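Engineer: Can you look at this prediction? I've put the sequence above it.
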Amino acid sequence: MNLFRKILSSLFCTLLFSAVCAQKSYPSLNSKLPPPKIDSLIIVYKSQKDLKGLGIVYELNGLYFQNIFFYGTKSVNNYFTSYQYYLKIEDEEAQNRVKKRIADLLSMDDVLYEDAAIYYHEVLGYYVKQDNKVKIASCKLELLNILINKDSLKNTQKLNKHFKYGIEKGLIETIQLCKNLQDSSYLAYGYYLYSSFYLQKRQLNKAQKYLKLSGGVSKPKTLLELRFFFQQGLIDKYNQHYVEAITHFKKSELLAEIRNNKYLKQHICQNLAECYMQLNNQEQALLYWEKTAKSISRFYNSEETKSTRSEPVYNQIELMKRTQELADQKQLLWKVVACFIIGILILGGIIAYQRIKFKQRQKDLVNQRKISMLELKSMKSLIEGQEKERNRVAKDLHDGLGANLSSMKLFIESQKDKYNPVIQTQLLNPLAKNIDDACLETRSISHDLRPFSLKYGFNSALGDLVKKAQTALPQTEVIFGSYGEEPQISEEIALMVYRIVQELLNNAAKYAKASQITLQIFYEPDQFSVHVEDDGQGFDLKEVKEGNGLGNIRSRIDYLGGQVIWQAAPQQGTAVILSVPLQNHAKILG
């Protein structure tokens, strides 16, 4: 059976190769090709060194995974690969098309939306030069969406350079452009954004007016319809019409499920929970608080989403390097011409060439420094974004779900004396215990996301981490030792090393199967080192690829200017040594 499949696959590749050779035609970007067919086309185009064909099929691959996962690493990586091929053949139209697709994905992320805005600005500048009114309208609408719904009208200069006369003026001009284009979908989006603008300012009557205009021209079963019902629910909620708000939020919840829109799903569930709380429907409120927590975890903590956040940063650096290589190749061509001319010139020409070469060497050194600084800034931005998101989720869990669970517990306690002992024993007492367990779990998750123990010192925080590990692993002995006097450690270094130790202890707990885990910290005048060891099953370092886990630890230690050493062997346990300077060199970034 496998042999038959291989023969069929080989025959398909041969026919495909013949077809492509016979006529130089490429698949349409509207065609929905599955990955096996795309992989076959990649083989064909690579054998022909057809860069345009490779750009198209990788773009199609990105579209395929975007339709399945909505937002994730596979679609982003395929778009970046496609962009690199278009860059090599200098196809500006295709470059900007793919750059906009990348921006569309990043704009859905509360951490990376500023990167999306940068891409939209670049693409908009291109389409303005081309006088492409349709694309100009599309880019302006997406930029306005970021400014209004993501940046909450902060109107930062970084994001607002295409709307010099204010966001409202930009909305009016963009809506007029959509009217001139006679595009109902763009016009519906523009009215929706105008409604969002007034909703942010809590001018609910005006928000309702423009949302009604949006609904009048939008098409059913689209993203705009999903946004319409969600926005209507928000207006109803702010008007304290909670029953109507729940109706509209549930319609948007159904559409979010159908469209696999994980980002809006979490906000819909949170608003449903708050509406049910206002109606004193504790059971439905608890249900939707749980859905909110799951949606947040699914969107922000899934491997697909987390790796997406780190991948664009490094891909930006790669793109910069690729662009620099292309510029260097062109410059090399001019150098060859210059060398030929210099060969027939007098000594003064040779001296001039030497000066040009010296200036070029200085320029290369400056570019290398810029790349290094960009890498540090990108890492800092990524880490700050992750911690900001952790703090936000922890605060939402503590202030929202935690507070409501406590209120429910007090309510149940106050009702105990009103019912007979049978109801107390069989219903109220178990319910109170379950709520206690939920409170403890919520508090534990909140503390993991935002380690409060760091306020009492680095040693204290690590000791608290060890106690939690010991509680979670009763069959394993977890030992903690501290040597030397604890110095003043900056909050940035302490938090980053705490996260690394947390990940190392989690890895040891999950995979090591150890009977003993040891955590030791050694303080010195200008640095400190952390040793994490276990006597578990170990692993072969040569056979392990440096994926998200090991790579994440190494990149954070590099950012701190430190070193990490791994020692491991099968059945001989694992040891990790971290060495970190007390003066963080990355502070030069400001």
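Structural biologist: That came in fine, so what should we check first?
Engineer: Which helix or strand in the chain has the lowest average pLDDT?
Structural biologist: helix 2-22 (a mean of 50; mean pLDDT, DSSP states H and E).
Engineer: Next, the buried residues of whichever strand or helix holds Lys135.
Structural biologist: Element membership of Lys135, judged by DSSP states H and E, is helix 133-145. Along helix 133-145, these residues count as buried under the neighbour rule (16 or more other CB atoms under 10 Å): 135-145. (Each C-beta comes from the backbone N, C-alpha and C, glycine too.)
Engineer: Could you dump those into JSON lines with pLDDT and distance to Arg101 added?
Structural biologist: Supplementary listing: the buried residues of helix 133-145 in JSON lines, determined by pLDDT from 0 to 100; distance: CB to CB, whole Å:
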{"residue": "Lys135", "pLDDT": "92", "distance to Arg101": "13"}
{"residue": "Ile136", "pLDDT": "90", "distance to Arg101": "17"}
{"residue": "Ala137", "pLDDT": "91", "distance to Arg101": "17"}
{"residue": "Ser138", "pLDDT": "91", "distance to Arg101": "12"}
{"residue": "Cys139", "pLDDT": "89", "distance to Arg101": "12"}
{"residue": "Lys140", "pLDDT": "90", "distance to Arg101": "17"}
{"residue": "Leu141", "pLDDT": "90", "distance to Arg101": "15"}
{"residue": "Glu142", "pLDDT": "88", "distance to Arg101": "11"}
{"residue": "Leu143", "pLDDT": "87", "distance to Arg101": "15"}
{"residue": "Leu144", "pLDDT": "88", "distance to Arg101": "19"}
{"residue": "Asn145", "pLDDT": "87", "distance to Arg101": "16"}
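Engineer: Nearest to Gly125, out of the residues you listed: which one, please.
Structural biologist: Within the buried residues of helix 133-145, proximity to Gly125 (CB to CB) peaks at Cys139, which comes in at 9.2 Å.
Engineer: okay but that closest one is in contact with Lys100, surely?
Structural biologist: Yes: contact criterion CB atoms under 8 Å: Cys139 and Lys100 qualify, at 7.0 Å.
Engineer: Find the residues that touch each one of these two.
Structural biologist: Residues touching both Cys139 and Lys100 by CB atoms under 8 Å, 6 or more residues apart in numbering: 120, 123.
Engineer: you'd agree Thr247 is in a strand?
Structural biologist: No: secondary structure of Thr247 (DSSP: H, G, I helix; E, B strand; the rest coil): helix, not part of a strand.
Engineer: and it, what does it touch?
Structural biologist: Taking CB under 8 Å, 6+ apart as the contact definition, Thr247 lies against Gly233.
Engineer: Try it again at 10 Å.
Structural biologist: 229, 232-233, 236, 241, 275 (CB atoms under 10 Å, 6 or more residues apart in numbering).
Engineer: Including secondary structure and neighbour count, could these go into JSON lines?
Structural biologist: As requested, the contacts of Thr247 are exported to JSON lines (DSSP: H, G, I helix; E, B strand; the rest coil; neighbours: other CB atoms under 10 Å):
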{"residue": "Phe229", "secondary structure": "helix", "neighbour count": "21"}
{"residue": "Gln232", "secondary structure": "helix", "neighbour count": "24"}
{"residue": "Gly233", "secondary structure": "helix", "neighbour count": "26"}
{"residue": "Asp236", "secondary structure": "helix", "neighbour count": "22"}
{"residue": "His241", "secondary structure": "coil", "neighbour count": "15"}
{"residue": "Cys275", "secondary structure": "helix", "neighbour count": "25"}
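Engineer: just to revisit the earlier point, okay if I get the buried residues of helix 133-145 as TSV plus distance to Trp289?
Structural biologist: Converted to TSV, the buried residues of helix 133-145 look like this (distance: CB to CB, whole Å):
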residue	distance to Trp289
Lys135	42
Ile136	42
Ala137	39
Ser138	37
Cys139	37
Lys140	37
Leu141	33
Glu142	32
Leu143	34
Leu144	32
Asn145	28
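Engineer: Name the residue most distant from the centre of this protein?
Structural biologist: Computed with CA atoms, centre = their mean, the maximum C-alpha offset from the centroid of the chain is found at Ile346, amounting to 58.3 Å.
Engineer: And that one, how far from Ala352?
Structural biologist: 10 Å (CB to CB, to the nearest Å).
Engineer: just Lys513 next, same as before
Structural biologist: 70 Å.
Engineer: about what we covered before: next helix or strand past the least confident helix or strand of the chain?
Structural biologist: Towards the C-terminus, the helix or strand next in line after helix 2-22, according to DSSP H and E, is helix 35-48.
Engineer: buried residues in the helix or strand containing Glu257?
Structural biologist: Secondary structure from DSSP H and E places Glu257 in helix 242-259. Across helix 242-259, burial judged by 16+ other CB under 10 Å covers 242, 245-246, 248-249, 251-253, 255-256, 259.
Engineer: would you put the C-alpha positions of it in PDB?
Structural biologist: What follows is helix 242-259, C-alpha atoms only, in PDB (Å, rounded to 0.1, in the frame of the first residue of the first chain):
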ATOM      1  CA  TYR A 242     -28.200  43.500  30.200                       C
ATOM      2  CA  VAL A 243     -30.800  41.100  28.700                       C
ATOM      3  CA  GLU A 244     -30.500  42.600  25.200                       C
ATOM      4  CA  ALA A 245     -26.700  42.700  25.700                       C
ATOM      5  CA  ILE A 246     -26.600  38.900  26.400                       C
ATOM      6  CA  THR A 247     -28.700  38.200  23.300                       C
ATOM      7  CA  HIS A 248     -26.200  40.100  21.100                       C
ATOM      8  CA  PHE A 249     -23.100  38.700  22.800                       C
ATOM      9  CA  LYS A 250     -24.400  35.100  22.300                       C
ATOM     10  CA  LYS A 251     -24.900  35.800  18.600                       C
ATOM     11  CA  SER A 252     -21.400  37.000  18.400                       C
ATOM     12  CA  GLU A 253     -20.100  34.000  20.400                       C
ATOM     13  CA  LEU A 254     -21.700  31.600  17.900                       C
ATOM     14  CA  LEU A 255     -20.100  33.500  15.000                       C
ATOM     15  CA  ALA A 256     -16.700  33.500  16.800                       C
ATOM     16  CA  GLU A 257     -16.900  29.700  17.200                       C
ATOM     17  CA  ILE A 258     -17.800  29.300  13.500                       C
ATOM     18  CA  ARG A 259     -15.000  31.600  12.300                       C
END
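Engineer: Mind listing the residues bridging to Glu477?
Structural biologist: Applying DSSP bridges to Glu477 yields these beta-bridge partners: Gln516.
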